[in-house]
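>>> Here you go, sequence then predicted model.
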Amino acid sequence: MEEIVKHINDTNASYRALNAGDAKNTDLFLDNEHYELFKDAGEQITVRFNKENLQKAILFIASILPRKYDNSSTHKTIPFSSAFVLDQLAFLDAFFTVEGKKVEIRSQVWNARKGVEKKNGEIDNRFYFNGLLEDVSYKSIGGEFKTAKFTIRNYVVGGYSDLHIRKSEDGIFDVWVTNVLEPYNDGKEKGYEQIDVSRQSLQQIFYGAPGTGKSHKIKNDANVKAADEKNLVFRTTFHPDSDYSTFVGAYKPTMDKKAVRNVAGDIVKNTDKEEVYEDCITYSFVPQAFLQAYVAAWNNPDDKVFLVIEEINRGNCAQIFGDLFQLLDRDCDGCSEYPIMADKDLAKYLNSKDENGQDVLTNKDGIKDGKLCLPKNLYIWATMNTSDQSLFPIDSAFKRRWEWVYMPIDTRKENWYIQIGDSRYSWTDFLNKVNDELLTDETAEDKHLGFYFCKAENGIISKETFVAKVLFYLWTDVFKVYGIPPVIGSGKDWSFAKFYNSDGSVNETKVKELMSKLQIEPVTTTNPEDGTAEIESN
């Protein structure tokens, strides 16, 4: 037998980040029947890799991202990104550089192990190789010089890959990887299947230009809908005045009733011998969105619970999250990797009873040893409007704890029209034309208009909505910074005020003139007598 083909399962495939340590998942286990090929090769064998083959293997891995990977015993999901691909290729390029020269073939020495005595004196009859790691210095896509570990384990995927090892005439063993598009399930793969980020990520931020449907996407997710029906979705919106107390909870004054007492301290009773009560102000702990979601998640362990944060970048995240920031690090099971001590007020509330005499937190694991820990069924999803001008900077440490889902502009979601007098204009045509005019070297793409930038009623955007929301945004937020596109014009004739008449009504003539400037023709004309619409020939 001069060649073996080893189907890879999770024992030999758990992707390790380039900066992973040495301790875990560095050995390559083979079936004992493959030992025949190596039994006369000694305790060490020399293997040979082909650069093109490994490049294809890493590109295949990139194509099925996101998936779980192992980073020194910490399981996470990694989404696809150009940085992932470019860093991996730069790393391979450095590995296949010998004494400053580019090569297509590289060799490595592996240690063969079989019949090894364990610490307890037992004999390990498994056949495996170790010594698969090799330091490689490379220049990352960010321009930094780094050192990482090369291992063949990074180029095989559980269920998708076969590892080929063939003994050549020169005694060296050639190693290469092949992949399949449909995974072969031999019953051994665990947790390395492709993961749908939009549904499975515990913490993710949907970001993009205004009107791209970020909130709409969250609201219409099947899991969110199911949770909403059970009142397990909790929503909040960040703004500049948001802080820890408005996000988590705090003591607040509330109206209550107390018994009236006389000067002797006795409870006063009326003529019917009923106790007399009066309104009073008391202070009690009032939970906010985060704590409401936290309690619901621990009390409903079999259900997904969602905390939805709208406009997360409009608040000071460092101030709002406070020490909860540490809870955002999740382990392989989805729970907080580093629980934090709850402050006294918070702990007291979680250990208290509600107005019905029931425990607020029925699952006491949520305050075990006085600590807070996010459960695996608590999802925190947020939206970010990248064009918002009232931004607080979000530091990189905070960003790393979220998956980022970009929402591109789609101008053809529905058939909407802009109604200006007796004419209707295609909303899609307007978006395409305006976004094309804005797409210049100087204009930021996040200033573009998404389809849901404003609302339509029965598919019609009124002239009042169009001017007050759409044109107002363009003139005050975009053109004020980048200038009015030449195709429209300049000067007092194209000030925003010109879109209104002296009585405050919309100047339909001016709006139609704008459409003409943008070369957008009306698609229908409405008959004012019977309200019917006829298609115009353009």
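Structure's in. What do you need? Predicted, not measured: the structure shown is a model, and the values here were computed from it. Numbering: from 1, shown residues only.

>>> what's the domain layout of the chain?
Listed by automatic domain parsing, the domain ranges of the chain are 3-192, 198-248+288-406, 417-535.

>>> Let me have those in a markdown table, extended by mean pLDDT, distance to residue 255 and mean neighbour count.
Any C-beta I mention is one placed from the backbone N, CA and C, and that applies to glycine too. Below are the domains of the chain laid out as a markdown table (pLDDT from 0 to 100; distance: least, Cβ to Cβ, whole Å; neighbours: other Cβ atoms under 10 Å):
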| stretch | mean pLDDT | distance to residue 255 | mean neighbour count |
| --- | --- | --- | --- |
| domain 3-192 | 80 | 47 | 16 |
| domain 198-248+288-406 | 88 | 14 | 17 |
| domain 417-535 | 84 | 37 | 15 |
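
>>> Please enumerate the helices of the stretch 351-500 of the chain.
396-399, 427-438, 463-465, 472-473, 479-482 (DSSP state H, counting those that start in this stretch).

>>> Tell me which of those helices sits nearest to residue 291.
Nearest of those to residue 291, taken as Cβ to Cβ: helix 396-399 at 20.0 Å.

>>> related to what we said a few turns ago, format the helices of the stretch 351-500 of the chain as JSON lines; extra columns: distance to residue 221.
Shown next, in JSON lines, are those (distance: least, Cβ to Cβ, whole Å):
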{"stretch": "helix 396-399", "distance to residue 221": "22"}
{"stretch": "helix 427-438", "distance to residue 221": "25"}
{"stretch": "helix 463-465", "distance to residue 221": "28"}
{"stretch": "helix 472-473", "distance to residue 221": "28"}
{"stretch": "helix 479-482", "distance to residue 221": "34"}
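
>>> right, and those - which one's nearest residue 306?
helix 396-399 (19.7 Å).

>>> For the stretch 1-150 of the chain, which segments are assigned as helices?
Remark: helices assigned in the stretch 1-150 of the chain by DSSP H, counting those that start in this stretch are 51-63, 82-95.

>>> what's stretch 281-288 in contact with?
236, 245-256, 295, 345-346, 348-349, 352 (Cβ atoms under 8 Å, 6 or more residues apart in numbering).

>>> correction: stretch 333-343
With Cβ under 8 Å, 6+ apart as the criterion, stretch 333-343 contacts 74, 202, 323-324, 326-331, 350, 367-377.

>>> Swap in 10 Å and give it another go.
74-75, 200, 202, 248, 322-331, 347-351, 365-379 (Cβ atoms under 10 Å, 6 or more residues apart in numbering).

>>> Of the helices of the stretch 351-500 of the chain, give the one that comes closest to residue 217.
helix 427-438 (18.3 Å).

>>> Just the C-alpha atoms of that closest one, please, in CSV.
As requested, the backbone C-alpha atoms of helix 427-438 are provided in CSV (Å, rounded to 0.1, in the frame of the first residue of the first chain):
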residue,chain,number,x,y,z
TRP,A,427,-39.4,55.3,-5.8
THR,A,428,-36.8,52.8,-7.1
ASP,A,429,-35.9,55.0,-10.1
PHE,A,430,-35.4,57.9,-7.7
LEU,A,431,-33.2,55.9,-5.3
ASN,A,432,-31.1,54.6,-8.2
LYS,A,433,-30.6,58.0,-9.7
VAL,A,434,-29.9,59.8,-6.4
ASN,A,435,-27.6,57.1,-5.1
ASP,A,436,-25.7,57.1,-8.4
GLU,A,437,-25.2,60.9,-8.1
LEU,A,438,-24.0,60.5,-4.5
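
>>> Could I get the full set of strands for the stretch 51-200 of the chain?
67-71, 74-78, 97-98, 101-102, 105-113, 116-117, 123-124, 127-130, 134-139, 145-150, 161-167, 173-179 (DSSP state E, counting those that start in this stretch).

>>> quick one on the thing from earlier: relative to residue 226, which of the helices of the stretch 1-150 of the chain is closest?
Within these, the stretch nearest residue 226 is helix 51-63; the backing value is 30.3 Å (Cβ to Cβ).

>>> Off-centre distance for the closest one?
Averaging C-alpha positions (Cα atoms, centre = their mean, to the nearest Å) puts helix 51-63 25 Å from its chain's average.

>>> Can you name every helix or strand that that helix contacts?
Counting contacts by 3 or more Cβ pairs under 10 Å, 6 or more residues apart in numbering; DSSP states H and E, helix 51-63 is packed against helix 82-95, strand 105-113, strand 161-167, strand 173-179.

>>> rerun that using 7 Å as the cut-off
Judged by 3 or more Cβ pairs under 7 Å, 6 or more residues apart in numbering; DSSP states H and E, helix 51-63 is in contact with helix 82-95, strand 173-179.

>>> what's the closest of those to residue 130?
Across the helices and strands packed on helix 51-63, residue 130 has its closest neighbour in strand 173-179 (15.1 Å, Cβ to Cβ).

>>> which residues are in contact with the closest one?
Contacts with strand 173-179, where a contact means Cβ atoms under 7 Å, 6 or more residues apart in numbering, come from 45-50, 53, 57, 60, 152, 155-157, 160-168.

>>> quick check: angle from that strand to strand 105-113?
Angle, strand 173-179 to strand 105-113, by axes from the mean of the first three to the mean of the last three Cα atoms, to 10 degrees: 100 degrees.

>>> partners of strand 173-179 in the sheet?
Using DSSP bridges, the strands paired with strand 173-179 in its sheet are strand 44-50 (parallel), strand 161-167 (antiparallel).

>>> Now do it and helix 51-63, the angle between them.
Angle of strand 173-179 versus helix 51-63, following the same axes, to 10 degrees, is 30 degrees.

>>> what about strand 173-179, distance to the chain center?
Relative to its parent chain, strand 173-179 has a centroid offset of 34 Å by Cα atoms, centre = their mean.

>>> picking up where we left off before, please render the helices of the stretch 1-150 of the chain as CSV that adds distance to residue 142 to the earlier fields.
Formatted as CSV, the helices of the stretch 1-150 of the chain follow (distance: least, Cβ to Cβ, whole Å):
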stretch, distance to residue 142
helix 51-63, 18
helix 82-95, 8
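
>>> could you list every residue that touches the residue nearest to residue 347 when sequence neighbours are not counted?
Spatially, and ignoring its direct neighbours in sequence, residue 347 is nearest to residue 370 (5.6 Å; Cβ to Cβ, 6 or more residues apart in numbering). The contact partners of residue 370, taken as Cβ under 7 Å, 6+ apart, are 341-342, 347.

>>> Which of these fall in strands?
Those of the contacts of residue 370 mapping onto strands are residue 341, per DSSP state E.

>>> closest to residue 289 among the contacts of residue 370?
Set against residue 289, the nearest of those by Cβ to Cβ is residue 342 (17.0 Å).

>>> Against residue 305, how distant is the closest one?
Separation of residue 342 from residue 305 (Cβ to Cβ, to the nearest Å): 19 Å.

>>> go on, residue 170?
61 Å.

>>> next one: residue 205
Relative to residue 305, residue 205 is positioned 18 Å away (Cβ to Cβ).

>>> Just to be sure, residue 306 is in a strand?
Yes: according to DSSP: H, G, I helix; E, B strand; the rest coil, residue 306 belongs to a strand.

>>> do you know which of the helices of the stretch 351-500 of the chain lies nearest residue 407?
Nearest of the helices of the stretch 351-500 of the chain to residue 407, taken as Cβ to Cβ: helix 427-438 at 14.5 Å.

>>> how far does stretch 147-162 sit from the chain's center?
Put simply, stretch 147-162 sits 25 Å off its chain's centre (Cα atoms, centre = their mean).

>>> Let me know the helix or strand that the closest residue to residue 308 other than its chain neighbours is in.
Spatial nearest neighbour of residue 308, excluding adjacent residues (Cβ to Cβ, 6+ apart): residue 235 at 4.6 Å. Residue 235 is located in strand 233-237, with elements delineated by DSSP states H and E.

>>> What are the contacting residues of that strand?
Contacts to strand 233-237, defined as Cβ under 7 Å, 6+ apart, come from residues 224, 227, 247, 289, 292-293, 306-311.

>>> Next, please give the residue ranges for the strands of the stretch 251-400 of the chain.
277-287, 305-310, 340-341, 371-372, 378-385.

>>> Okay then, goodbye and thanks.
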